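In: let's see this in three dimensions:
(chains A and B)
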Amino acid sequence: MTSGTLPGTLPGTTPPAPPKIRIRDLHKAFGDKKVLDGVSLDVAQGTSFVIIGGSGSGKSVLLRCILGLMTPDAGSIEIDGEDVLSAPAHRRDALRSEVGMLFQNAALFDSLPVWENVTFGLLARNKLSRKNAHTHAGSILAQVGLDPSVGDLYPSELSGGMQKRVGLARAIAAQPDILFFDEPTTGLDPIMGAVIDGLIVDCVKKLGSTAIAITHDMASAQRIGDEAAMLYQGKLIWQGAAGSLMHSGNPYVDQFTHGRREGPIAMELRR
Amino acid sequence: MDMVLDLIAGIGRATLSFIRGAGALALFALEGLSHILRPPFHARVFLTCFVETGFFSLPVVALTAIFSGGVIALQSYTGFAQYHAQSAIAGIVVLAVTRELGPVLAGLMVAGRVGAAMAAQIGTMRVTDQIDALSTLSTNPMKYLVAPRLLAGIVALPLLVLVADVLGVAGGFMVAVVKLGFSAPAYITATLNAVKFEDVSVGLVKAALFGFLIALMGCYHGYNSKGGAQGVGSATTAAVVAASILLLAFDYLITDLFFSH
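Out: Below is the predicted model of the structure:
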């Protein structure tokens, strides 16, 4: 074997880059209810990956498992080739510090002013002094189209769209390698939804991050995503280019993306 | 026969559920305490919790102590006058206040005021994903939310009880001197003769334990709350009820330990 060549690799060729995030055979159940049933997924470095699916399909649970907020029953999650689930606590913390998350309802700390919300992660990691935090928060707020003076307000004084933008500012403040978006446009009017999507795309491109977004807003999914997958009853039933979401050829995806009542997805309604 | 089996199964389930709950609470308490001792320390959060627990509880604790001291003086006078033992009133007031009323009433007031607020605040943070957000921002929620509150309870309650002791005795003094016609110097002398260092110090030990229990119940029930506004409401109620019962139970145990022999 040639020195410096990995097993199974031809001499002179570069092995393919491992995916940024690799998920294998992930299972999670709550009691008898299987929420994730053998999910496997690769997300390449620099890709924006959108996961669609109905309410209760397991999207949020999948995201929480990757984030380490929930422990799966079985399976593996690798970030940069390192198994997150079996890593020691300090490594998990280090991996988590590479991740930024925009929560569905922004989840801003309502006891802290906006500037402290935005710089919270940097202050916690001692990457910024409190003296400089206010000014730094102003520059990050400007990146998401907010006036730096917003930094002195409290989250309860902001509109839903502004809260989402502050949440985005908080997620990108530490310039993370990986960004997660949980229903980024839920509760916003269509124009504000498009604004948030635009900001997300800009931020992801600027940082060169890998992004995973979960949504059931089809317009948002196509604006944000390079690739997309659909989760149904705990399984990934389709994966393809985000641009082909509306004409995937998969009856489940077609019913979901076009919002049809009739189709293979049966809604559990009591009549 | 089936009814008996159902009954036994029900008792078994309840027992297992109680043991599981007690175990979870014990682990939560140990983890919270361990974060008090391990850096990084969130001094700013501790200071905020300390001011909220200690300083802002002063008015309610002070008023409770003054009136309770006054009531003890009045009640013991009406009872003891029958046996011509009015001279014991100063001693009864100071012992009742320092050993029992100071710590217990301050504890119950703080449980209602601060324990409920802790449960509501942490519970709201739980149901609005703010606790998850802390985790994603490299901050351990137990270290950031729970440890400073436990420490604030342990430190603030003894200080509050010290104030309650002084004001409770002052309340008894005012009633005895102004309403019942006692001589002020004689009342003060009798008070000082009756009280011992252990009376106050054990009261302060009780207060530290009560402060810990109140904060623990507020944090535990808030941290584990589920299901939106209703869940937060239930957590708040559970925190106050559990803290009040535990406080009275531990009051008995400590009293038995220090004063029954």
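
In: which residues touch A:Val99?
Out: Residues in contact with A:Val99 (CB atoms under 8 Å, 6 or more residues apart in numbering or on different chains) are A:Leu67, A:Pro176, A:Asp177, A:Ile178, A:Leu179, A:Phe180, B:Thr136. In this view, the C-beta of every residue, glycine as well, is placed from N, C-alpha and C.

In: mind running it again at 6 Å?
Out: A:Pro176, A:Ile178 (CB atoms under 6 Å, 6 or more residues apart in numbering or on different chains).

In: partners of it in the sheet?
Out: A:Ile178 (DSSP bridges).

In: which pLDDT value belongs to it?
Out: Predicted confidence (pLDDT) for A:Val99: 90.

In: how many neighbouring residues does residue 116 have?
Out: Going with chain A. A:Glu116 has 18 neighbours, counted by other CB atoms under 10 Å in any protein chain shown.

In: if you could check chain B rather than the one you did, that'd help
Out: Counted with other CB under 10 Å, B:Ala116 comes out at 22.

In: specify the local secondary structure of A:Ile51.
Out: strand (DSSP: H, G, I helix; E, B strand; the rest coil).

In: ok, it - contacts?
Out: Contacts of A:Ile51 by CB under 6 Å, 6+ apart are A:Lys59, A:Ile214, A:Ala229, A:Leu231.

In: the second one sits in which helix or strand?
Out: It stands for A:Ile214. strand A:210-215 (DSSP states H and E).

In: excluding its backbone neighbours, what's nearest residue 147?
Out: I'll assume chain A. Excluding its sequence neighbours, the residue lying closest to A:Asp147 (CB to CB, 6 or more residues apart in numbering or on different chains) is A:Leu141, at 7.2 Å.

In: actually it's chain B I care about, not the one you picked
Out: That would be B:His35: by CB to CB, 6+ apart, it lies 3.8 Å from B:Ala147.

In: partners of A:Met230 in the sheet?
Out: A:Ile52, A:Trp238.

In: helices or strands next to the host helix or strand of B:Ala24 in the packing?
Out: Per DSSP H and E, B:Ala24 falls inside helix B:2-37. Packing partners of helix B:2-37 (3 or more CB pairs under 6 Å, 6 or more residues apart in numbering or on different chains; DSSP states H and E): helix B:147-174, helix B:197-223.

In: wait, which of the ones you listed is closest to B:Thr78?
Out: helix B:147-174 (13.8 Å; CB to CB).

In: show me the contacts for the residue in the stretch 151-261 of chain B positioned nearest to chain A.
Out: The nearest approach of the stretch 151-261 of chain B to chain A comes at B:Gly228, 11.8 Å away (CB to the nearest CB). Residues in contact with B:Gly228 (CB under 6 Å, 6+ apart) are B:Val127.

In: spell out which parts of the stretch 51-200 of chain A neighbour chain B.
Out: A:Leu69, A:Ser97, A:Met101, A:Phe103, A:Ala107, A:Phe109, A:Phe120, A:Gly121, A:Ala124, A:Arg125 (CB under 6 Å from any CB of the partner chain).

In: dump the helices and strands packed on helix B:2-37 into JSON lines; add mean pLDDT, mean neighbour count and distance to A:Val166 as well.
Out: Below are those laid out as JSON lines (pLDDT from 0 to 100; neighbours: other CB atoms under 10 Å in any protein chain shown; distance: least, CB to CB, whole Å):
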{"stretch": "helix B:147-174", "mean pLDDT": "95", "mean neighbour count": "24", "distance to A:Val166": "25"}
{"stretch": "helix B:197-223", "mean pLDDT": "94", "mean neighbour count": "24", "distance to A:Val166": "24"}
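
In: thinking again about what came up before, among the residues of the stretch 51-200 of chain A next to chain B, which ones are in helices?
Out: A:Phe120, A:Gly121, A:Ala124 (DSSP state H).

In: go through the residues you listed and name the one nearest chain B.
Out: A:Gly121 (3.9 Å).

In: related to what we said a few turns ago, so the strand holding A:Ile214, near chain B or not?
Out: No - on the criterion CB under 6 Å from any CB, strand A:210-215 is out of touch with chain B, staying 13.3 Å away.

In: contacts for whichever helix or strand comes after that strand, please.
Out: Toward the C-terminus, strand A:210-215 is succeeded by helix A:218-224 as the next helix or strand (DSSP H and E). For helix A:218-224, the surrounding residues in contact (CB under 6 Å, 6+ apart) are A:Ser48, A:Val50, A:Ile52, A:Thr185, A:Asp197, A:Ile200, A:Ala213, A:Thr215, A:Ala228, A:Ala242, A:Leu245, A:Thr257.

In: any idea how far B:Thr124 is from the residue of the stretch 151-261 of chain B closest to chain A?
Out: Distance from B:Gly228 to B:Thr124, counting by CB to CB, to the nearest Å: 10 Å.

In: now A:Gln239
Out: Distance from A:Gln239 to B:Thr124, by CB to CB: 38 Å.

In: same question, B:Ser17
Out: Counting by CB to CB, the gap from B:Ser17 to B:Thr124 is 26 Å.
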